[in-house]
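*Asks:* Fold the following, please.
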Amino acid sequence: MLQPRATRLVGESAFEVLARAQALEREGRSIVRLEIGQPDFPTPEHICDAGIAAIRAGKTGYGPSNGIPELREAIAAHAGAKRGLDFDAANVVVAPGAKPTLFYAINALAGEGDEVIYPDPGFPMYASLIRHSGARPVPLPLLERNGFRFDVEQFRSLVSARTRLIIINSPQNPTGGVLAREDLEAIAEAARTHDLRVLADEIYIDFTYDGGFETIASLPGMRERTLIVDGFSKSYAMTGWRLGYAILPSDLVRTFDLYSVNIVSCATTFGQYAALAALQGTQQPLHDMVAEFRRRRDFLVAALNELPGVGCVTPGGAFYAFPNIRETGFEAPELARRLLEEAGVAALSGTAFGDAGHGYLRLSYANSLDNLGEAVERMRAFLTR
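*Replies:* The predicted structure follows:
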């Protein structure tokens, strides 16, 4: 018989829709794929070369559970330069993807009787892992009228004596929203006042289009309260390499290391040498990808706003559009299903990301301009027939 905590986990709709889209393609159907949050660019050649060279050099055995020293040092330097902070390699823990570090953080800091505040709509793993820990998920609604930021007074009303952790994600999946400094200051004030930790999921740090990036860790008193989660999947098109990391307050490093020892042993050794090349080599492929995503964002948002019953605010970051489809007359899950089955467009219902996602779809613009144009025309044909 399963333990109750095992039944609290949920899947990720993106992978479920991906599987259905692939099944339809095997049947000969043409599907425009906008469901998965994965760059459509290849891993840059110099990164692949470094990984291959590491394999040929025999770097295929176990490595340190918290990551090879060279990579941890490079992460501390690179991540610190991006954020205007000085990080120590001793505070870096490398893992096979960013998801394990989300698991480590939530399970280390929250449990039965506790509460964790998280963004809604938000990455579905947040609520899933909070429930698995035994804590109560407390959704913080992100509001379209605020550019998918939250209402500060509503946030303050959610903080209670049971709150142990606040999760933020900026730039954000699924909305593309970017938090403003005043939002970060409100969270920091609550964290300092109530002695809370903040889990800052900054995996989309490089995909900020209309302004600079600011981390909550830079605010007074927040370095020792903030757990930064980042990785290589998005910025370096390395989703399948499975490499992520956390930059932690010193008192949590040993705990994270023990999680890795007990669950994953270590991240793939030769992959870490590839990640080292990603950080130390040319950043031009990243710059080119971000510039192309900006072009795609601008095209897709304009095109969506011309569809009947659809309205879409311009996302400030990540690579997702989150159009409001309430005036189409469809519920989001039904529209997402029918667009896939009848129009050949794979998109996600906003409800896959929480109750606040009702009335929205999520479209990834990690696809070519031609395919984005084709997807919009198929959507137009479906909505006007």
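*Asks:* Quick one: list the elements packing against the helix or strand containing residue 287.
*Replies:* Residue 287 belongs to helix 284-304 when assigned by DSSP states H and E. Helix 284-304 is packed against strand 320-321, helix 369-384, with contacts defined by 3 or more C-beta pairs under 8 Å, 6 or more residues apart in numbering; DSSP states H and E. C-betas here are computed from N, CA, C, even on glycine.
*Asks:* Would you mind listing the buried residues in it?
*Replies:* Within helix 284-304, the residues scored as buried using 16 or more other C-beta atoms under 10 Å are 285, 286, 289, 292, 293, 296, 297, 300, 301, 303, 304.
*Asks:* That one vs helix 369-384, what angle?
*Replies:* 20 degrees (axes from the mean of the first three to the mean of the last three C-alpha atoms, to 10 degrees).
*Asks:* Centre of the chain to stretch 305-324, how far?
*Replies:* 18 Å (C-alpha atoms, centre = their mean, to the nearest Å).
*Asks:* how long is stretch 61-77 from one end to the other?
*Replies:* In stretch 61-77, first residue to last residue: 26 Å (C-alpha to C-alpha, to the nearest Å).
*Asks:* Look up the pLDDT of residue 1 for me, please.
*Replies:* With respect to pLDDT, residue 1 scores 79.
*Asks:* for residue 18, same thing?
*Replies:* For residue 18, the predicted pLDDT is 83.
*Asks:* What's the local residue count around it?
*Replies:* 17 (other C-beta atoms under 10 Å).
*Asks:* so it is in which element?
*Replies:* Counting by DSSP H and E, residue 18 is found in helix 13-26.
*Asks:* got a list of contacts for that helix?
*Replies:* 31, 33, 35-37, 124, 336, 340-341, 344, 346-349, 352 (C-beta atoms under 8 Å, 6 or more residues apart in numbering).
*Asks:* can you do 6 Å?
*Replies:* By C-beta atoms under 6 Å, 6 or more residues apart in numbering, the residues outside helix 13-26 that reach it are 31, 33, 35, 36, 346, 348, 352.
*Asks:* So which of the helices and strands packed on helix 284-304 is nearest residue 327?
*Replies:* The closest of those to residue 327 is helix 369-384. By C-beta to C-beta, the value is 10.3 Å.
*Asks:* which secondary structure elements does the closest one contact?
*Replies:* strand 32-33, helix 284-304, strand 345-346 (3 or more C-beta pairs under 6 Å, 6 or more residues apart in numbering; DSSP states H and E).
*Asks:* right, and those - which one's nearest residue 380?
*Replies:* Among the helices and strands packed on helix 369-384, if distance is taken as C-beta to C-beta, the winner is helix 284-304, at 8.8 Å.
*Asks:* would you put the C-alpha positions of that closest one in PDB?
*Replies:* Taking Å, rounded to 0.1, in the frame of the first residue of the first chain, the C-alpha atoms of helix 284-304 are listed here in PDB:
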ATOM      1  CA  GLN A 284      27.500  34.400 -28.300                       C
ATOM      2  CA  PRO A 285      25.100  31.400 -28.900                       C
ATOM      3  CA  LEU A 286      23.100  32.500 -25.800                       C
ATOM      4  CA  HIS A 287      23.000  36.100 -27.000                       C
ATOM      5  CA  ASP A 288      21.800  34.900 -30.400                       C
ATOM      6  CA  MET A 289      19.100  32.700 -28.900                       C
ATOM      7  CA  VAL A 290      17.800  35.400 -26.700                       C
ATOM      8  CA  ALA A 291      17.600  37.900 -29.600                       C
ATOM      9  CA  GLU A 292      15.700  35.400 -31.700                       C
ATOM     10  CA  PHE A 293      13.300  34.700 -28.800                       C
ATOM     11  CA  ARG A 294      12.600  38.400 -28.600                       C
ATOM     12  CA  ARG A 295      11.700  38.500 -32.300                       C
ATOM     13  CA  ARG A 296       9.400  35.500 -31.800                       C
ATOM     14  CA  ARG A 297       7.800  37.000 -28.700                       C
ATOM     15  CA  ASP A 298       7.000  40.200 -30.500                       C
ATOM     16  CA  PHE A 299       5.600  38.400 -33.500                       C
ATOM     17  CA  LEU A 300       3.500  35.900 -31.500                       C
ATOM     18  CA  VAL A 301       2.000  38.400 -29.100                       C
ATOM     19  CA  ALA A 302       0.900  40.700 -32.000                       C
ATOM     20  CA  ALA A 303      -0.500  37.700 -33.900                       C
ATOM     21  CA  LEU A 304      -2.400  36.300 -30.900                       C
END
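*Asks:* ok, the closest residue to residue 250 other than its chain neighbours - how many residues close by?
*Replies:* In space, and not counting its chain neighbours, residue 250 is closest to residue 91: 6.2 Å by C-beta to C-beta, 6 or more residues apart in numbering. Counted with other C-beta under 10 Å, the neighbours of residue 91 add up to 20.
*Asks:* Let me know whether residue 91 touches residue 246 as I believe.
*Replies:* No - judged on C-beta atoms under 6 Å, residue 91 makes no contact with residue 246 at a distance of 8.7 Å.
*Asks:* and the gap between residue 333 and residue 35?
*Replies:* From residue 333 across to residue 35, the span is 13 Å (C-beta to C-beta, to the nearest Å).
*Asks:* same thing with residue 376?
*Replies:* Distance from residue 376 to residue 35, by C-beta to C-beta: 15 Å.
*Asks:* Give me the more crowded residue out of the two.
*Replies:* Counting neighbours by other C-beta under 10 Å for residue 376 and for residue 35 shows that residue 35 has the greater number, 25 against 21.
*Asks:* Would you list the phi and psi of residue 10?
*Replies:* Backbone torsions for residue 10, taken as degrees, to the nearest 10, come to phi -120, psi 160.
*Asks:* so what's it scoring on pLDDT?
*Replies:* 81.
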